[in-house]
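K.L.:
Just a sequence and a predicted model for now, questions to come.
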Amino acid sequence: MSIRTESLDDIRVITLDRPEVRNAVDTATARELHAAFLAFEDDPLAKVAVFHGANGHFCAGWDLQFGARAARASEGGALADLDFDSADARAIGPMGPSRLRLSKPVIAAVSGAAVAGGMELALWCDLRVMEADAYFGVYCRRFGVPLIDGGTVRLPRLIGMGHAMDLILTGRQVKADEALRMGLANRVVPPGQAREAAIALARQLAGFPQATMRADRESAYTQWDMPLGEALQQEWQRGKARIPDALEGAQRFAAGEGRHGRF
C-alpha cells in the first residue's frame, strides 16, 4: 500500500508514501488516495484532514515511468475511463481526490517537491503549510503533459490570472518565499516541520464550531459562478441556519471567553 492513514483524535493524517519516485502517483495510488479521502469524508468523528508526503517530498506528480510502461504495453493509457459527471461530488480524478468536493477542510503539509500533478493536489487542499526549502512548479510543461487535475481552474482562482499564467506557461520553480508572497502558500515553516505545523493548524480548525465553519467554507467555494446578489443570498441562507450557534457563541463571549482576540 502506498497510502497510510492515521487518526489523531478528530484529525485524519493521510500520507503518500512512494519514496522510490518521490511520491509520484500511478493508477493504483490514485485509487488509494481517492478512497482514503472518501473515508475521511464519511467518518463523522474526523473533522479535518492533513495531507502529507513521506520521505521529504509532497508529490512529484503523475508517475511518468508508469505511464511510459503502460503505453508500451498498449494498455490504452492509465488515464482511461476518467470522464466524469460534473454534478458528481465524489468523482475520481487522474491523481485521485482532485475532483472530490468534500464538506470538511484538508490541509496540505508540503515538503520538498510539490510539482505537476502534485502541485494540483496541493491546490485541491484548503490550506497549504510549506517548508522553507519546498517548492511548487508546473514541471509537466516540459514534457507536454497537460494539467487535468484542476490546476488551470484552481490556480487562477487562488493567486490571480497574472501569477497563474506565469506559472502555467513557463513551468518554472516557485520556492516557498515567493509562494507565500503570491498566496500559493498559507504558512511557511522550517524544514522538516510541515507535518506537525499542519496538524497543529488542523487541531485549531477542529476546535471551532464545525457546522458554522463548514457552512462558511461551502459558501466561499460555491459563490464563484454566481452573480453577486445570488451569492449574497446563498451566504445568508447558509448563515441563517447557524444563528443558534452564533447565539451560543455570543453567550460564551459575554461570559469572558475569547476576549481581546484570545483563542
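P.N.:
Looks like it came in fine.
K.L.:
who's in contact with the residue nearest in space to the middle of the chain?
P.N.:
Closest to where the C-alpha atoms of the chain average out (C-alpha atoms, centre = their mean) is residue 125, at 1.3 Å. By C-beta atoms under 8 Å, 6 or more residues apart in numbering, the residues touching residue 125 are 51, 106, 107, 108. C-beta here means a position set from N, CA and C on the backbone, and glycine is covered the same way.
K.L.:
Redo those as TSV? Include neighbour count and pLDDT.
P.N.:
As requested, these are exported to TSV (neighbours: other C-beta atoms under 10 Å; pLDDT from 0 to 100):
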residue	neighbour count	pLDDT
51	27	98
106	24	98
107	27	98
108	28	98
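K.L.:
thinking again about what came up before, so which helix or strand takes in the nearest residue to the residue nearest to the centre of the chain once chain neighbours are set aside?
P.N.:
Leaving out its chain neighbours, the residue that sits closest to residue 125 by C-beta to C-beta, 6 or more residues apart in numbering is residue 108, at 4.0 Å. Residue 108 is part of strand 106-110, with elements assigned from DSSP states H and E.
K.L.:
what is the mean pLDDT for the helix or strand following that strand?
P.N.:
Counting by DSSP H and E, the element after strand 106-110 in chain order, helix or strand, is strand 113-115. Mean pLDDT, strand 113-115: 97.
K.L.:
For the closest residue to residue 10 other than its chain neighbours, give me its contacts.
P.N.:
In space, and not counting its chain neighbours, residue 10 is closest to residue 47: 4.3 Å by C-beta to C-beta, 6+ apart. Residues near residue 47 by C-beta under 8 Å, 6+ apart: 10, 11, 104, 205, 206, 210.
K.L.:
Same question for residue 177.
P.N.:
Neighbouring residues of residue 177 by C-beta under 8 Å, 6+ apart: 132, 188.
K.L.:
Point me to the helix or strand that includes residue 231.
P.N.:
Counting by DSSP H and E, residue 231 is found in helix 228-240.
K.L.:
what lines up beside the strand holding residue 108 in the sheet?
P.N.:
strand 48-53 (parallel), strand 127-131 (parallel) (DSSP bridges).
K.L.:
Would you mind extracting the C-alpha trace of the shortest one into CSV?
P.N.:
These are the backbone C-alpha positions of strand 127-131, laid out as CSV (Å, rounded to 0.1, in the frame of the first residue of the first chain):
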residue,chain,number,x,y,z
LEU,A,127,-4.7,25.4,3.0
ARG,A,128,-1.0,24.8,2.4
VAL,A,129,1.7,24.7,5.1
MET,A,130,5.0,24.7,3.2
GLU,A,131,8.5,24.1,4.4
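K.L.:
was I right about residue 99 contacting residue 93?
P.N.:
Yes - the criterion here is C-beta atoms under 8 Å, and residue 99 meets it with residue 93 at 4.1 Å.
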